[in-house]
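Student: what's the 3D shape of this:
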Amino acid sequence: MHASQAGAAELRGGEGWLGPDVQFVHGVYATEQDVAILAETGAHMSISPVSDLRIVLGFAPVSDMLAQGIPMSLSFDASSIAGNADMFATMRVAVCAEHARTRDAMTLPPRRALALATIDGARDLGLADRTGSLTPGKRADLILVRTMDLNMAPFVDPYIALVHCAQPANVDAVVIDGRVLISSYRECFGYGGVPRPAVEGGVAADELGMVGEVDAALPQDGVERGQRVERPIGQRFVDQGP
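Tutor: Numbers count the residues shown, from 1 in each chain. Here you go, the predicted structure:
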């Protein structure tokens, strides 16, 4: 539900429309009463910071809504307004906009922004039982991000690197439901098809949708750990499955 005016939740709440199956988008003019009603009814809020800034809607009170336990996620609104569907940029703008709104650099840390882009997005869409985190029983939906690219240096904190440094060009591979759909790396060193930079950087989502340390993947048949395997730059393929 489009909510770019003050009192939107108050109005819809009075009409009995709100509940956990309702998602508001934008929320830039949400009042304290709106926030209280969203928290009480369990309605969701998805913010679109890039679009909101481009068309001068303003800043959503992200930290206020999070503090009230309102289910939240990140979105683009429309690519014709946002300019693209870059979730890295969306996380970055969301963090910077909230810091500017509150004049407090701790109100929306990168780790929390990453959760909004992953597991919280899945929860917002009712998909958290299937995707949004690397958890046994869920689909293996993930991306591998190169941490050795120049724009990622110095790589110290994986949350900061993903939110403030990463770009789509740093994505090394895309895996959907366990199938490698896109691979663009040159070489791996016997890590079962997982690009070594991604493993060495320790970037992966844990069961909370956060980033954490990961162990190297098991070698594939015929590939010993440590063996160098050459792959051409720009290699892209679709796994058709068995």
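Student: how far away is the closest residue to residue 165 other than its chain neighbours from residue 163?
Tutor: Excluding the flanking residues, the one nearest residue 165 by CB to CB, 6 or more residues apart in numbering is residue 152, at 5.1 Å. Where you see a C-beta, it was placed from the backbone N, CA and C, and this is true even at glycine. For residue 152, the distance to residue 163 (CB to CB, to the nearest Å) stands at 12 Å.
Student: before we move on, what about residue 180?
Tutor: According to CB to CB, residue 180 stands 25 Å off from residue 163.
Student: which of the two has more neighbours?
Tutor: Shown here are residue 180 and residue 163; by other CB atoms under 10 Å, residue 163 has more neighbours (26 against 16).
Student: show me what contacts the more buried one?
Tutor: 88, 91, 92, 95, 110, 113, 114 (CB atoms under 8 Å, 6 or more residues apart in numbering).
Student: show me how the record splits this structure into domains.
Tutor: In terms of domains, the chain is parsed into 2-124, 142-230 (source: automatic domain parsing).
Student: out of the ones you listed, which is closest to residue 135?
Tutor: Minimum separation from residue 135 across those (CB to CB) falls at domain 142-230, 4.5 Å.
Student: now do the helices in this protein.
Tutor: Applying DSSP state H to the chain gives helices spanning 8-14, 32-41, 49-54, 62-67, 79-82, 87-102, 110-117, 119-124, 158-160, 196-201.
Student: that older thread, got CSV for the domains of the chain, with mean pLDDT too?
Tutor: Formatted as CSV, these follow (pLDDT from 0 to 100):
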stretch, mean pLDDT
domain 2-124, 86
domain 142-230, 64
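Student: please identify the most buried of those domains.
Tutor: domain 2-124 (a mean of 19; mean count of other CB atoms under 10 Å).
Student: hang on, the earlier thing: and which of the contacts of residue 163 is nearest residue 102?
Tutor: Of all those, residue 102 sits closest to residue 95, with 11.2 Å by CB to CB.
Student: neighbouring contacts of stretch 81-88?
Tutor: By CB under 8 Å, 6+ apart, the surrounding residues in contact with stretch 81-88 are 48, 50-51, 54-55, 74, 76, 79, 90, 117, 162-163, 166-168.
Student: one more pass at 7 Å, please.
Tutor: 48, 50, 51, 54, 55, 74, 76, 79, 117, 166, 167, 168 (CB atoms under 7 Å, 6 or more residues apart in numbering).
Student: got the contact list for residue 110?
Tutor: 95, 159, 160, 163, 164.
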